[in-house]
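A.B. asks: Show me how the following folds:
(one chain, ligands or ions: 1)
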Amino acid sequence: MKTILVTGGAGFIGSNFIPFFLERNKNFHVINLDLLTYAGNLDNLKEVENNPRYTFVKEIFVIDN
Ligand SMILES: NC(=O)c1ccc[n+]([C@@H]2O[C@H](COP(=O)([O-])OP(=O)(O)OC[C@H]3O[C@@H](n4cnc5c(N)ncnc54)[C@H](O)[C@@H]3O)[C@@H](O)[C@H]2O)c1
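C.D. replies: Numbers count the residues shown, from 1 in each chain. Next up is the predicted model:
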């Protein structure tokens, strides 16, 4: 099993990408890291919330230059 990290996965692009990706890549686990700000909405990910190959983490990502 491989794992990918999706940042901002509860937003517009991520919430469409994650179900699409999980359905087509059965050997992948997806970790969705999202702070659930103004745009994040877990209602858009209900179809995958019980998928054992999906994990949601409410956390901030920071790019430190
Ligand atoms: N109906 C439509 O066609 C439609 C609707 C919305 C957006 N859009 C387009 O989609 C694009 C935006 O989509 P998107 O998915 O990139 O953005 P988004 O704003 O929809 O989602 C960003 C996600 O990242 C999270 N996030 C942001 N900063 C974070 C941080 N530091 N740590 C953790 N989480 C963080 C937010 O909580 C959110 O869930 C734009 O081009 C916009 O015009 C289109």
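A.B. asks: tell me the strands in this structure, going along the chain?
C.D. replies: Secondary structure of the chain (DSSP state E): strands located at 2-7, 28-33, 54-57.
A.B. asks: Tell me which of those strands sits most buried.
C.D. replies: Mean neighbour count (mean count of other Cβ atoms under 10 Å) peaks for strand 28-33 among the strands of the chain, with a mean of 18. Heads up, the C-betas are built off the backbone N, CA and C, glycines and all.
A.B. asks: Just the CA trace of that strand, in PDB.
C.D. replies: Provided in PDB are the C-alpha atoms of strand 28-33 (Å, rounded to 0.1, in the frame of the first residue of the first chain):
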ATOM      1  CA  PHE A  28      -3.200   3.900  -2.300                       C
ATOM      2  CA  HIS A  29      -4.100   5.400   1.100                       C
ATOM      3  CA  VAL A  30      -4.900   9.100   1.100                       C
ATOM      4  CA  ILE A  31      -4.200  11.400   4.000                       C
ATOM      5  CA  ASN A  32      -6.100  14.700   3.800                       C
ATOM      6  CA  LEU A  33      -4.500  17.500   5.800                       C
END
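A.B. asks: what does it rub up against?
C.D. replies: Strand 28-33 has contacts (Cβ atoms under 8 Å, 6 or more residues apart in numbering) with 1-10, 14, 18, 21-22, 45, 48, 53-57, 59, 61.
A.B. asks: hang on, isn't Ile60 packed against Leu35?
C.D. replies: Yes: with contact defined as Cβ atoms under 8 Å, Ile60 counts as touching Leu35 (4.8 Å).
A.B. asks: which parts of the protein sit against the ligand?
C.D. replies: 8, 10-14, 34-37, 39-40, 60-61 (Cβ under 6 Å from any ligand atom).
A.B. asks: Can you select the buried ones among the residues you listed for me in ChimeraX?
C.D. replies: To isolate the buried subset of the residues of the chain next to the ligand in ChimeraX, counting by 16 or more other Cβ atoms under 10 Å, use the following:
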select :8,10,11,14,34,40
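A.B. asks: Which one of the residues of the chain next to the ligand is nearest to Asn27?
C.D. replies: The closest of those to Asn27 turns out to be Gly14 (Cβ to Cβ; 20.3 Å).
A.B. asks: If anything else comes up later, I'll come back, but that's it for now.
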